[in-house]
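Visitor: Give me a model of this one.
(one chain, ligands or ions: 1)
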Amino acid sequence: MGPLRFDVVVAGSGPAGATAAIVAARRGWRVALVDQRTFPRDKPCGDGLGPGVAQLLRRLDLDHILAGETPAASLTVYGPAGVELNAALTGLDGMSTEGYVVPRADFDQRLRLAALNAGAVDLSGHKVTATGLADDRRWVSVRRAGTEHRLEAGLVIGADGAYSVLRRQLGAGRPSGRSTAIAMRAYADSDAFDPDGPLGQRMIFEWSKEMLPAYGWVFPNGKGTVNVGVGIMVSELRRRSLDLRRVLDRFADSCRQRGIELGDLYAHRAHHLPLARPIPRLAHERAALIGDAGSMINPLSGEGIVYGMNAAYELVTRLPANLSGAVEQARALAEFETWFRRTYRAHLISSRVAHGLMSIPWWARHMIRAANNDPVVFRDAVDLLFGLGRIRAETTWRILRHGW
Ligand SMILES: Cc1cc2nc3c(=O)[nH]c(=O)nc-3n(C[C@H](O)[C@H](O)[C@H](O)COP(=O)(O)OP(=O)(O)OC[C@H]3O[C@@H](n4cnc5c(N)ncnc54)[C@H](O)[C@@H]3O)c2cc1C
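Guide: Below you'll find the predicted structure:
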């Protein structure tokens, strides 16, 4: 059989790849949406969708994807020496805090179906193994049931996640151990976090001294289930010879000791997070990297979905109508890369610095106390975690004042 020809091949059908496929198919292109897995499939994640996700879905006229979900209502942060922050996630001076928790098995399937409805060709169950250039096209080898097939396209989008084959094949290297975190999540039953439960739909983060340099979260989906997880830099995990599952179990126990109702943990799964420190080259000859394949993860929050989806939208929207023109396409890919770096550089560097500071118990304690008492610090912290915020001198000064 000869190669199958497409305008765009998208490798990976997570949030980044599915979004790219939706936008590309709507532009009238013949799109292949390739994934090694069949769907619905689980993806280890906190399942947290920041405000930018709901905004992009609205822009794409895909509001139905979050229909029936209730946004998180409040936030608790536990820090060293018993400091605690409790706040409602509303009324933040014009800033959206509309965050949802949707299990990835559902969210990714909904997005993927939107891509197939838009006309993308379903190549689930196909593993991308290699790529290269042939004349004015890029080819991709995919393996299914032991047989290799070849796809050809004007553009290949690498959205194949943290262990990206395309990233390596394109010469963008692997994420280093020093820039990679690892996180484990599990699920637990708890009615306490339901909208009418005693805690309400409350998101919990923990940066306590017992946890540091790891941090923990409890994210409720508002339907009787919570996602419980812990994350840590790979280098720290190795240096301290920690067992991540035990760290997670200890975190769940500490929540129970605080009186938080959590059933037994189940469905434990871990996965690496290539953090945006630094971002590899995104634009390549007739190819681009987005999402985890391009290390688009906030080092402070571990959030990656919104960056990957926004990058997918911007990339595909910027492409020229005619994908065969090499010069026009290369220019559009370069512009996309510039847009990504300009938009996120200061925010991601700030998040990286904040991540380092939050590993220091003294700083974590005073930061959390300041955010609890000072609305300006709280607003900036939320903006850094869920928006495009950056570290500001005034906020740093306010935190230090609390420390003294
Ligand atoms: C435990 C944990 C908690 C997290 N919590 C959050 C959170 O709450 N909020 C948030 O925003 N982010 C979170 N993240 C990060 C988030 O999961 C990722 O940033 C996000 O999944 C990236 O989306 P993506 O589309 O780039 O990649 P993925 O979602 O990883 O999708 C990649 C797809 O590519 C496919 N694939 C891989 N290799 C191949 C191949 N060779 N051929 C074909 N297909 C392939 C995979 O099967 C997969 O479907 C968390 C990560 C972890 C590990």
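
Visitor: Can you give me the buried ones in stretch 285-292?
Guide: Neighbour counts over stretch 285-292 (16 or more other C-beta atoms under 10 Å) mark 286-292 as buried. Any C-beta I mention is one placed from the backbone N, CA and C, and that applies to glycine too.

Visitor: Identify the residues contacting residue 25.
Guide: 31, 115, 118-120 (C-beta atoms under 8 Å, 6 or more residues apart in numbering).

Visitor: typo on my end, residue 191
Guide: Going by C-beta under 8 Å, 6+ apart, residue 191 touches 197, 224, 261.

Visitor: Need the phi and psi values for the closest residue to the last one other than its chain neighbours.
Guide: What it means is residue 261. Leaving aside its sequence neighbours, residue 261 sits nearest to residue 192 (C-beta to C-beta, 6 or more residues apart in numbering; 4.1 Å). Backbone geometry at residue 192, expressed as degrees, to the nearest 10, gives phi -60, psi -30.

Visitor: cool, the one 10 residues further on as well?
Guide: Note on residue 202: its backbone torsions stand at phi -110, psi 130 [degrees, to the nearest 10].

Visitor: which bits of the stretch 101-250 of the chain sit near the ligand?
Guide: Contact residues, the stretch 101-250 of the chain versus the ligand (C-beta under 6 Å from any ligand atom): 127-128, 159-162, 165, 183, 185, 229.

Visitor: do that again at 5 Å, thanks
Guide: Residues of the stretch 101-250 of the chain that fall close to the ligand, judged by C-beta under 5 Å from any ligand atom: 127-128, 160-161, 165, 183, 185.

Visitor: Just the buried subset of these, please.
Guide: With burial judged by 16+ other C-beta under 10 Å, the buried subset of these is 127-128, 160-161, 165, 183, 185.

Visitor: In a markdown table: the residues of the stretch 101-250 of the chain next to the ligand, plus pLDDT.
Guide: Output for those, formatted as a markdown table (pLDDT from 0 to 100):
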| residue | pLDDT |
| --- | --- |
| 127 | 98 |
| 128 | 98 |
| 160 | 98 |
| 161 | 98 |
| 165 | 98 |
| 183 | 97 |
| 185 | 98 |
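
Visitor: May I ask which two of these are separated the most?
Guide: Taking C-beta to C-beta, the two most distant members of these are 128 and 185; they sit 25.6 Å apart.

Visitor: hang on, residue 13 packs against residue 35?
Guide: Yes: counting by C-beta atoms under 8 Å, residue 13 touches residue 35, with 3.9 Å between them.

Visitor: near the ligand, from the buried residues of stretch 285-292?
Guide: Under the cut-off given by C-beta under 5 Å from any ligand atom, the ligand has 291-292 from these close to it.

Visitor: so residue 335, which of the three states?
Guide: helix (DSSP: H, G, I helix; E, B strand; the rest coil).

Visitor: what sits against the residue lying closest to it once chain neighbours are set aside?
Guide: If you skip the residues right next to it in sequence, residue 335 has residue 318 as its closest partner in space, 5.8 Å away by C-beta to C-beta, 6+ apart. By C-beta under 8 Å, 6+ apart, the contact set of residue 318 is 332, 335-336, 339.

Visitor: Of those residues, just the buried ones, ChimeraX syntax please.
Guide: In ChimeraX, this line selects whichever of the contacts of residue 318 come out buried by 16+ other C-beta under 10 Å:
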select :332,336
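
Visitor: mind putting the contacts of residue 318 in a markdown table, pLDDT and distance to the ligand included?
Guide: Compiled in a markdown table, the contacts of residue 318 are given as follows (pLDDT from 0 to 100; distance: C-beta to the nearest ligand atom, whole Å):
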| residue | pLDDT | distance to the ligand |
| --- | --- | --- |
| 332 | 98 | 21 |
| 335 | 98 | 21 |
| 336 | 98 | 16 |
| 339 | 98 | 18 |
